[in-house]
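Colleague: Below are the sequence and a predicted model; questions follow.
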Amino acid sequence: MIACSEKSPDCGDPGSSNCELVLKDAQNNLLVGTIYNQDSIRMQVGNQQIPLHFDHGIIIFNFAGFDSLNSSDYVLKLNNDDFDTLNLKIRKYVNPCWTGYLLDSLSYNNQVLDKITMNRYEIVK
């Protein structure tokens, strides 16, 4: 993030460009760390691997700069037998202080998901 000078307008907070995926079963149990080993989980778009982080069973990835890949299929590999498709709609915006990114929507296997909170989505498998 680039700091504003004293003469710059108040630019506010750019917010987070992290997306959080919460995978659960029908009984509301987390699947990452139980059914799916986080060491085997991968995500890619085309030939590009997306770095993933994990926090207590939640998959986290940063979508900053991926706005040029809107309408591309992201493949979420949970293990050798379980693959899912994600589609992200990312909007880039620029102000005098920084460039930010908004995740407008996320589809999972062609179904648009509702946000639980800002950039957090729940997937029931």
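Modeller: Happy to help now that I have it.
Colleague: what's near enough to touch the residue nearest to Val22 when sequence neighbours are not counted?
Modeller: The shortest distance from Val22 to any residue other than its chain neighbours is 4.6 Å, reached at Glu122 (CB to CB, 6 or more residues apart in numbering). Backbone N, C-alpha and C define where each C-beta goes, glycine included. Listed by CB atoms under 8 Å, 6 or more residues apart in numbering, the contact set of Glu122 reads 22, 24, 113, 116.
Colleague: Please pick the buried ones from these.
Modeller: 22, 113 (16 or more other CB atoms under 10 Å).
Colleague: The contacts of Glu122: which two are farthest apart?
Modeller: Lys24 and Leu113 (12.5 Å; CB to CB).
Colleague: Find residues that contact each of these two.
Modeller: 122-123.
Colleague: Local confidence estimate at Pro17?
Modeller: Actually, residue 17 is Ser rather than Pro. pLDDT, Ser17: 91.
Colleague: which residues of the chain score low on pLDDT?
Modeller: 1-9 (pLDDT under 70).
Colleague: Please, where are all the helices along it?
Modeller: For the chain, helices defined by DSSP state H do not occur.
Colleague: show me where it has strands.
Modeller: 18-24, 42-45, 48-49, 53-55, 58-62, 73-77, 83-94, 99-108, 111-112, 115-117, 120-124 (DSSP state E).
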